[in-house]
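[1] just coords:
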Ligand SMILES: C[S@@+](CC[C@H](N)C(=O)[O-])C[C@H]1O[C@@H](n2cnc3c(N)ncnc32)[C@H](O)[C@@H]1O
């Protein structure tokens with residue numbers, strides 16, 4: 001998955017796109033994301049950043065780091081929405097984009113042209129490691145980054161979890177089963193996750209490493225991680241006995257990782273419990289956990305919708321991000337804070353979950369498996385978003 005997505009020459013996200021009609025993300029691409037649909041998410045993030053700015057006492061600079069910005073549309077919407085923000089935020093704003101792919105960076109430059117060259121405003125880094133420790137006072141956020149990290153695949157055979165390795169040869173690829181590495185075994189142990197025979201799933205170890213690095217980079221402020229995913233209890237529960245690994249090509253989904261290698265996207269849903277637990281161990285406290293619908297409504301989506309013509313195309317586009325049977329509920333928002341008291345955030349005003357649903361202590365076992373497991377539902381929409 002690492003090579004298929006990020007090989008320096010042939011990787012899906014890295015290889016250059018010669019003409020825009022071949023774009024990866026967007027209506028004519030393989031899948032679309034929130035910012036292809038409507039600017040409402042970028043605006044909501046900007047509003048949440050303004051509230052955070054007040055909590056932090058209007059620091060100069062107020063740093064926003066966006067990691068994995070794709071085409072840069074969310075950054076464009078965020079920066080546009082900050083133009084007339086209170087307390088001269090746009091003057092103090094330093095927006096850093098972290099993107100490992102040069103061809104994605106080129107797209108970001110294109111969409112952010114109006115902001116480039118203005119002193120201190122927009123800057124790029126290739127790697128998270130390039131962000132000095134404790135250098136961020138402000139907001140670190142990502143949308144659909146963690147699902148794009150390479151995952152390890154597991155299968156439970158004769159009651160024992162095995163890792164699935166891939167052997168490449170002239171005729172293609174073969175899967176080989178091997179005992180779990182220490183890190184994968186520790187992941188299952190720490191999360192108190194036990195899986196029944198025949199179960200297949202994924203584990204994202206890169207996400208844990210990433211969370212630790214993000215915690216290190218933060219001085220004061222918030223980390224907001226938006227992605228499709230679940231609590232560990234749901235991700236490793238009976239409804240997902242075949243895992244959540246999925247490939248995206250030309251607005252269709254497939255479970256076959258070995259076709260169109262380098263030409264299709266690959267993703268897996270995010271374990272938010274593991275992110276919250278790792279963050280906590282590294283100094284990030286959980287501020288709250290919600291879904292995209294509640295996040296957007298908390299930040300004024302309803303009032304915004306009321307200002308639109310009810311039958312207009314824009315109205316339907318904005319509604320699309322809120323739909324409880326679609327992006328509104330599949331996408332989750334994990335908010336963590338560091339170097340500040342727990343803030344009361346508008347984005348977390350509405351709580352779709354009860355109590356400490358993330359259960360970061362792993363106290364109760366993630367084991368709800370019964371013989372009546374339902375298999376995973378698949379997407380049938382003609383245009384597909386991730387998730
Ligand atoms: C699915 S796209 C998300 C795009 C965008 N955030 C959006 O909402 O449209 C994933 C992005 O993360 C980038 N990415 C993946 N791993 C990364 C890493 N380790 N460092 C920086 N960028 C990364 C990819 O190149 C791509 O731009």
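    Sure, I can see it. This structure is a prediction, so every number in the text was calculated from the model and none was measured.

[2] burial of residue 342, as a residue count?
    The burial count assigned to residue 342 is 11, neighbours taken as other Cβ atoms under 10 Å. All C-beta atoms are positioned from the backbone trio N, CA, C, and that covers glycine.

[3] confidence score at the nearest residue to it once chain neighbours are set aside?
    Once flanking residues are discounted, residue 342 sits nearest to residue 287: 5.9 Å by Cβ to Cβ, 6 or more residues apart in numbering. Here the pLDDT value assigned to residue 287 is 97.

[4] checking residue 287 next. Helix, strand or coil?
    strand (DSSP: H, G, I helix; E, B strand; the rest coil).

[5] for residue 48, see how far away it is.
    Using Cβ to Cβ, to the nearest Å, residue 287 is found at 11 Å from residue 48.

[6] between those two, what contacts are shared?
    222, 345 (Cβ atoms under 8 Å, 6 or more residues apart in numbering).

[7] flag the shaky bits of the stretch 1-150 of the chain, pLDDT-wise.
    19-21 (pLDDT under 70).

[8] how about the strands in it?
    62-67, 93-98, 122-125, 136-143 (DSSP state E, counting those that start in this stretch).

[9] for the shortest one, name the packing helices and strands.
    What that stands for is strand 122-125. Contact analysis of strand 122-125 by 3 or more Cβ pairs under 8 Å, 6 or more residues apart in numbering; DSSP states H and E lists strand 93-98 as its packing neighbours.

[10] what's in contact with the strand it packs on?
    61-69, 72, 75, 78-79, 82, 105, 108, 112, 115, 120-128, 130-131, 138.

[11] write the PyMOL selection for whichever of those residues are buried.
    The command below creates a PyMOL selection of those among those that count as buried (16 or more other Cβ atoms under 10 Å):
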select buried, resi 62+63+64+65+66+67+68+69+72+75+78+79+82+105+108+112+115+121+122+124+128+131+138
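
[12] thinking again about what came up before, redo the strands of the stretch 1-150 of the chain as a markdown table? Include distance to the ligand.
    Formatted as a markdown table, the strands of the stretch 1-150 of the chain follow (distance: least, Cβ to the nearest ligand atom, whole Å):
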| stretch | distance to the ligand |
| --- | --- |
| strand 62-67 | 5 |
| strand 93-98 | 5 |
| strand 122-125 | 9 |
| strand 136-143 | 4 |
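
[13] could I get these in JSON lines, plus columns for distance to residue 296?
    Formatted as JSON lines, those follow (distance: least, Cβ to Cβ, whole Å):
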{"stretch": "strand 62-67", "distance to residue 296": "18"}
{"stretch": "strand 93-98", "distance to residue 296": "21"}
{"stretch": "strand 122-125", "distance to residue 296": "25"}
{"stretch": "strand 136-143", "distance to residue 296": "13"}
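
[14] out of those, nearest to residue 226?
    Closest to residue 226 of those is strand 136-143 (Cβ to Cβ; 4.4 Å).

[15] and the helix or strand just after the closest one, what does it pack against?
    Using DSSP states H and E, the helix or strand that follows strand 136-143 in sequence is strand 152-157. The contact analysis (3+ Cβ pairs under 8 Å, 6+ apart) places strand 152-157 against strand 160-169, strand 200-203.

[16] packing partners of the last one?
    In other words, strand 200-203. Packed on strand 200-203, when contacts are counted by 3+ Cβ pairs under 8 Å, 6+ apart, are strand 152-157, helix 182-190.

[17] wait, which of the ones you listed is closest to the ligand?
    Smallest distance to the ligand across those (Cβ to the nearest ligand atom): 16.1 Å, for strand 152-157.

[18] so that closest one versus helix 182-190, what angle?
    Between the axis of strand 152-157 and that of helix 182-190 there is an angle of 70 degrees, by axes from the mean of the first three to the mean of the last three Cα atoms, to 10 degrees.

[19] which other residues reach strand 152-157?
    Contact with strand 152-157 is made by 161-164, 177, 180-181, 184, 195-205, 243, 245, as judged by Cβ under 8 Å, 6+ apart.

[20] let's see it at 6 Å
    161-164, 184, 195, 197, 199-203 (Cβ atoms under 6 Å, 6 or more residues apart in numbering).

[21] show me which positions of it end up buried.
    For strand 152-157, by 16+ other Cβ under 10 Å, it's 152-156.

[22] and that strand, how far out from the chain's middle?
    23 Å (Cα atoms, centre = their mean, to the nearest Å).
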